[in-house]
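S.K.: Sequence first, predicted coordinates after that:
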Amino acid sequence: MSTSRSSAHRPSRVGPATGRQAGPLDVDALIDDPGTGIIVCCGSGGVGKTTTSAALALRAAERGRRVVVLTIDPARRLAQSMGIEELDNTPRPVVGVEGTGSLDAMMLDMKRTFDEVVLSQASPEKAKQILANPFYIALSSSFAGTQEYMAMEKLGQIHRDAQAQGTYDLIVVDTPPSRSALDFLDAPERLSSFLDGRFVRLLLTPAKGPAKLMTAGFSLITNALTRILGAQFLKDLQTFVTALDTVFGGFRQRAQQTYSLLKADGTAFLVVAAPEADALREAEYFVERLSEDDMPLAGLVVNRASPEPAGELSADEAMTAAERLRRTASASPTASLTAGLLRLHADRVRMVQRERTLRDRFATAHPQVPTVVVPALAGDVHDLGGLRTVGGLLGGTADGSTSPA
């Protein structure tokens with residue numbers, strides 16, 4: 001997977017606003033650039049992030065890239081829209097992709113990814129012991145933050161395999177909903193802090209040194225913990241912590257490598273938002289957080305925007321005309337229908353104006369962030385045709401074609 005990039009399409013390192021307004025986001029230039037190796041779509045829940053990720057991946061594939069899209073959103077919409085019975089931890093080919101590229105899709109299986117780390121890093125006997133440990137079972141299944149750790153691990157795995165085997169030249173990552181979508185940026189530091197913490201080092205003392213290190217103070221602590229928690233509980237905990245130190249030290253290093261990969265020039269972050277006040281406030285949080293971490297931001301996708309109404313009739317003009325019809329021709333069914341349509345037109349015009357005001361407010365606060373606006377479709381996206389249409393709107397071709405209209 002190439003990591004070089006032409007400067008024309010390089011995502012910006014978002015810094016303080018300079019007063020210079022960024023141009024529109026050129027999505028096709030981004031996905032066509034062979035230096036773009038990873039695209040990370042982040043944003044709050046319910047803004048169409050999964051659909052955006054899948055549409056980007058499909059468009060890139062149909063423009064010649066060899067793509068894999070990884071979702072760590074628990075929803076199953078991605079599988080359904082791509083015609084796959086069920087996504088899992090293994091990339092599955094998407095049938096029906098047009099053009100010369102290819103597209104695989106997968107969904108993060110947190111538990112299975114954790115198990116794979118254990119099996120790859122430990123001897124069979126040690127792995128069996130770890131996989132059966134009750135603390136490991138709890139951590140790998142439901143512990144807060146594990147999903148983000150495993151997302152880092154899986155992304156790193158895919159990237160390493162792609163480089164070694166030449167399988168993919170673009171990875172599209174769909175992150176979890178809400179602000180936790182950026183928690184994976186903290187995964188290496190949080191894991192290191194846990195493994196290097198005082199309590200963990202205390203529990204590791206018997207395993208890391210000779211018996212003479214079992215001081216009287218440590219014996220008092222372990223005796224107290226045994227009375228409170230039980231001997232088996234403490235033994236399971238020590239076994240688990242020892243396994244973390246011996247087996248997952250490599251994971252900590254790989255997570256740090258993946259973090260560096262996310263900051264590299266071959267990576268591009270796209271913030272996805274809806275044209276609503278709350279969603280755009282969340283988008284500002286993502287932009288500011290990416291700036292703090294010096295991450296390469298490609299731009300903002302404003303999804304499901306209200307389509308521009310036809311004609312030049314303003315909202316006030318439409319409401320005035322509707323009221324005049326209501327007063328002068330109340331007995332006419334045609335006049336009543338026309339008045340209702342005028343009121344609907346006024347409502348749409350006001351909604352479009354409200355959304356434009358919100359986008360302008362974001363642009364004023366972050367003028368350096370290029371933006372693409374994707375209008376809402378009449379129905380839900382449930383197949384490749386729908387994803388192709390969304391991809392066309394992202395790329396600026398309203399008919400969904402892979403080349404400019």
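M.R.: Received, thanks.

S.K.: Going by neighbour count, which residues in stretch 96-111 are buried?
M.R.: For stretch 96-111, burial by neighbour count (16 or more other C-beta atoms under 10 Å) applies to 97, 99, 101, 102, 103, 104, 105, 106, 107, 108, 109, 110. The way it works is simple: take the backbone N, C-alpha and C, and place the C-beta from them, glycine included.

S.K.: Helices - which of the residues you listed land there?
M.R.: If you go by DSSP state H, the buried residues of stretch 96-111 have residue 110 in helices.

S.K.: Just the buried residues of stretch 96-111: which are in strands?
M.R.: 102, 103, 104, 105, 106, 107 (DSSP state E).

S.K.: what's the second one in contact with, if anything?
M.R.: With contact set as C-beta atoms under 8 Å, 6 or more residues apart in numbering, residue 103 has these partners: 57, 58, 61, 67, 68, 69, 82, 93, 94, 97.

S.K.: Outline the domain layout of this structure.
M.R.: Using automatic domain parsing, the domain ranges for the chain come out as 7-123+146-188+252-309+365-395, 315-356.

S.K.: Would you single out the least confident of those?
M.R.: Comparing mean pLDDT across those, the weakest is domain 315-356, with a mean of 83.

S.K.: Endpoint to endpoint, that domain covers what distance?
M.R.: Using C-alpha to C-alpha, to the nearest Å, the gap from the first to the last residue of domain 315-356 comes to 15 Å.

S.K.: quick one: the strands in the stretch 1-150 of the chain?
M.R.: Counting by DSSP state E, counting those that start in this stretch, the stretch 1-150 of the chain has these strands, from start to end: 12-13, 38-42, 66-71, 92-93, 102-107.

S.K.: quick one: which of the buried residues of stretch 96-111 is nearest residue 382?
M.R.: Using C-beta to C-beta, residue 105 is the member of those that sits closest to residue 382, with 15.0 Å.

S.K.: Isn't that closest one up against residue 89?
M.R.: No. The criterion here is C-beta atoms under 8 Å, and residue 105 misses it with residue 89 at 11.7 Å.

S.K.: Let's have the ones in strands among the buried residues of stretch 96-111 in a markdown table, adding distance to residue 164.
M.R.: Formatted as a markdown table, those follow (distance: C-beta to C-beta, whole Å):
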| residue | distance to residue 164 |
| --- | --- |
| 102 | 18 |
| 103 | 20 |
| 104 | 16 |
| 105 | 21 |
| 106 | 18 |
| 107 | 23 |
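
S.K.: just to revisit the earlier point, out of the strands of the stretch 1-150 of the chain, flag the one nearest residue 291.
M.R.: strand 12-13 (7.8 Å).

S.K.: average pLDDT across the strand or helix carrying residue 239?
M.R.: Assessed by DSSP states H and E, residue 239 sits inside helix 231-247. Taken as a whole, helix 231-247 carries a mean pLDDT of 64.

S.K.: returning to what we had before: please produce a PyMOL select command covering the buried subset of the contacts of residue 103.
M.R.: To isolate the buried members of those in PyMOL, using 16+ other C-beta under 10 Å:
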select buried, resi 57+58+61+67+68+69+82+94+97
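
S.K.: Where does the closest residue to residue 338 other than its chain neighbours fall, secondary structure wise?
M.R.: Using C-beta to C-beta, 6 or more residues apart in numbering and skipping residues adjacent in sequence, the residue nearest residue 338 is residue 325, 5.9 Å away. When elements are assigned from DSSP H and E, residue 325 belongs to helix 315-328.
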